[in-house]
Structures are given as C-alpha cells and as structure tokens.
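1. sequence first, then the predicted structure:
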Amino acid sequence: MGTLFRKFFASKVFINRVCLSTQSECFYDESHLAVQRTMNKIIEKEINPNVDAWESEGRYPAHEVFKILGSAGLLGVNKPVEYGGSGLDFKYAVALNEEMGKIACGGVPMSIAVQTDMSTPALSRFGSHQLKKQFLEPSIKGEFVSCLGVSEPGAGSDVASIRTTARRSGGDLIINGSKMWITNGCQADWMCLLANTEDSKNPHKNKSLICLPMDTPGITIAKKIDKLGMLCSDTAMIYLEDVKIPESYIIGEPGKGFGYQMLQFQEERIAAATLCLGPIEKMIQETIEYTKSRKAFNGSILDNQYVQFKLAELATETELLRSGVYRTTDAFLNGQDVTMLASMLKLKCGRLIRETSDTCLQFWGGMGFTSSVNISRAFRDFRLISIGGGADEVMLTIISKLMGMSKK
C-alpha cells in the first residue's frame, strides 16, 4: 500500500490534478480568464520584450503603452460604460492585476495600477459628469496618463498632515504647495490632487480631491527622483505655485476628500497585494529551477532540505495571501468596509515579497547579486511595497485601531 501511494503521489496525474485545482480557477470564471488572456497577449508582445531597455533608460513610454491597453479595454474594466469603461465589477480589476504580476519588472504594473486603481476610483464614483468626460474618459481610452498627488515632503503616510492648499477666489481655486514621490508625475496629463480647501480645523474634513491638469501654469516638475528600484517608472517632485483652476474641478463634495482618498486606498492596497502574487511565484519557481541545476558539495543546492522547506513555506504563504486577496475582494463586492482587510493585505504582501526576494537571492549566491537575473531586479523593485502606499507601521496602526487597541 505504501508503494502504491508513493507511485500515485509521484505521478504526473496527481501533479496535474493539483495544478488544475488552483484557487484562481475556483475564484474566476471564463469571462475573468478572458480578460487575463487579453492582458497576457499584450504583456508578451508589447511589454516584456521592452522591459530591459526601459529599465536601462530609466523610463518607459506610458502614453504608448496606455494607448494599447486602452484600445483593448483594459484601463476601465470596472468603470462606467458611459465613459468608455466595460461596466464590470471589481473582481475583473483584481483578475487584471493578478495577470499584470507577470510583467517582468515592478515599475510598469505599478504605473498602470496608478491609472486604474489609485487616481481614478474617486473620480469614477463621485465626480461630476463634466469631470468624468474631461478626465476619466480619456484616461480609460489611454489618451491621458494620470497620477495621484497625496504625499508631500513633510507628509507621506500621515495623510492628514498635508499642507498643500487650494483657496477659493471667485469661481476658481488657487493652489500652492508641493507633492513628492509622484508615480507617473513626469508624464502625467492630470493629477488627482489632495489639498486643503476648507476652513475646518478638523484635518479629516478640510480636504478635497481635485482634478488638476498638469499643463496648468504654475506647476513645476522639479526633478525625476532617482530610486533603488522601479527604475522605468518615473517618480517626480512637483511644486505648485499660484496654480489657478476652476472650482468645479473638485471631485464630489468639498471637504470630503480625505474620506474619498481612504476609499481609494482600499482599492490601491488590494491592488498592491494582487500585483505581488505573480512576482512571488516567479521568484520561487526560478529559484527551484536554478538551485536544482547549481551543484555544490556533491549535490544540487535544492537537495538541501533547508532550501526545500524554506521554498515550501514561501509557497504556502503565497497561497494564504491569495486567499486573503480573494476574500477581501468578495467583501468589497458585497459593499463591506474592507479597511482592515486591505491593510492586512498590504502589510502581508510587503513583508512576504521582501522575505521571498531576500531568501531567493541568497539561494542564488553570487549570481543573485548580479543585475542580469530577475531575482536582483525583484529584490530592488519590491522593497518599495512595505513603504509606498502606506508603510508597514501605518498598516499596523490602522489594524490596531480597528481592533480597539489604539485610541489614535
């Protein structure tokens, strides 16, 4: 009986059954998989063949890539049909992001996610018809590149402390301040800007989200910030000096911008976790293959039980992260407040992808320290996940507060 079981578990039949019974195939239906196939064709034909060159140049042609994605209907899968979207639910956006995890760097999918999951959700939900026609529709078509202007030199994860102001003057807004760490900032046509607009002393009730055309006089892109990773994704420092725009460019109700941005953060953090799944899986699989072929001390590196167990643990953690993404997606679709779950996902994905890249690089030895392999790029790119979009410590603060442990 023992021999029979060993033969069964070692057989290709068993392996194929396990592979086919994935969480993804249980969670997505054929229409979600069709969206993924469309994205995969673009990744394989238009994106991955160019990634190395874009990384070397420190920039990628966002307008060209977005136009391709927009023409394929991939920049607005869950946005209203009236403005060029597909009108599908949030699960399609999750399916798309999971497929984008197959892009061979971190910078391009992050840039795309800024457009789909960070700068446009509030506009899509709360913006006026005029703003949606002017900013959302061309963004869905890929004619516009957008960015999100929240972080500042003195206020990153502490969103309530931003100092940029937008004061009323007649029917206009006069904007002054600065924004930092702005992904897509060097190429963007418009910014979803968070600024202080109201006289209230309550930092949660004095802010508004604003559509800001980036060609408006008074906007200065001070510099493109050099970074450790995400090299082909441009990151800008931007100054705003007496920038004048119509007051009608405020998204939704004035003074509700902080709340709107917190809702955008929910989608952003789910997107971050979803985008991490592919890179983590790729690192684990490439490390298995490399350590299987790398010989030392009369055997392969993979023959070492410690290496096997560590990679098995990482694979297990990856599937648990995927379960969390799917559970949070279902809760979001059911209209639940997923602030805690999204914060947990963001915390977990940042820590897991850091552990995976560090562990796998170690198993690659000296080769892992070269710039010619995927693992070193992943090591550089994905260190950001525990910092950008809300640092690990902020996620822990949010979780602690929602668990009733913190009064802050």
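-> Thanks, I have the structure now. Numbering: from 1, shown residues only.

2. would you map the strands across the stretch 201-350 of the chain?
-> With DSSP state E, counting those that start in this stretch as the criterion, the stretch 201-350 of the chain has strands at 207-213, 219-224, 235-246, 295-296, 299-300.

3. can you give me the helices for the stretch 301-408 of the chain?
-> 305-333, 339-364, 374-381, 392-402 (DSSP state H, counting those that start in this stretch).

4. out of those helices, which comes closest to Val159?
-> Val159 sits nearest to helix 392-402 of all these, at 9.3 Å, using C-beta to C-beta. In this view, the C-beta of every residue, glycine as well, is placed from N, C-alpha and C.

5. may I see the buried residues of that closest one?
-> 392, 394-395, 397-399 (16 or more other C-beta atoms under 10 Å).

6. grab the nearest non-local neighbour of Leu396.
-> Leaving out its chain neighbours, the residue that sits closest to Leu396 by C-beta to C-beta, 6 or more residues apart in numbering is Leu347, at 6.6 Å.

7. JSON lines for the buried residues of helix 392-402, including pLDDT?
-> Compiled in JSON lines, the buried residues of helix 392-402 are given as follows (pLDDT from 0 to 100):
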{"residue": "Asp392", "pLDDT": "97"}
{"residue": "Val394", "pLDDT": "95"}
{"residue": "Met395", "pLDDT": "97"}
{"residue": "Thr397", "pLDDT": "95"}
{"residue": "Ile398", "pLDDT": "95"}
{"residue": "Ile399", "pLDDT": "97"}
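
8. ok, of these, which one's closest to Ala53?
-> Of the buried residues of helix 392-402, the one sitting nearest to Ala53 (C-beta to C-beta) turns out to be Asp392, at 33.0 Å.

9. ok, the closest one touching Arg351?
-> Yes: counting by C-beta atoms under 8 Å, Asp392 does reach Arg351; the two are 6.9 Å apart.

10. now list whatever residues contact both of those two.
-> The contact sets of Asp392 and Arg351 overlap at Ser386 (C-beta atoms under 8 Å, 6 or more residues apart in numbering).

11. if we can go back for a sec, of the helices of the stretch 301-408 of the chain, which is nearest Leu212?
-> Per C-beta to C-beta, nearest to Leu212 of the helices of the stretch 301-408 of the chain: helix 392-402, 25.1 Å.

12. what is that closest one packed up against?
-> Applying 3 or more C-beta pairs under 8 Å, 6 or more residues apart in numbering; DSSP states H and E, we find helix 392-402 packed against helix 339-364.

13. what mean pLDDT does the helix it packs on get?
-> Mean pLDDT, computed over helix 339-364, is 98.

14. now it: buried residues?
-> Buried, per 16+ other C-beta under 10 Å, within helix 339-364: 339-354, 356-357, 359-361, 363-364.

15. still on that earlier bit, pick the one among the buried residues of helix 392-402 closest to Gly335.
-> Ile398 (20.0 Å).

16. hey, which helix is longest across this structure?
-> Using DSSP state H, we find that the single longest helix of the chain is helix 257-293.

17. tell me the angle that helix makes with helix 305-333.
-> Helix 257-293 and helix 305-333 are oriented at 150 degrees to each other (axes from the mean of the first three to the mean of the last three C-alpha atoms, to 10 degrees).

18. start at 23, not 1
-> Renumbered: residue one is now 23, and that last one reads helix 279-315.

19. so how far is helix 279-315 off the chain centroid?
-> 7 Å (C-alpha atoms, centre = their mean, to the nearest Å).

20. any buried residues in it, and which?
-> Of the residues in helix 279-315, those buried (16+ other C-beta under 10 Å) are 279-283, 285-306, 308-310, 312-313.

21. returning to that earlier point: need the contact list for the residue nearest to Leu418.
-> Per C-beta under 8 Å, 6+ apart, neighbours of Leu369: 414, 417-418, 421.

22. for Gly128, give me its contacts.
-> 251-252, 255, 301, 399-400, 403-404, 406.
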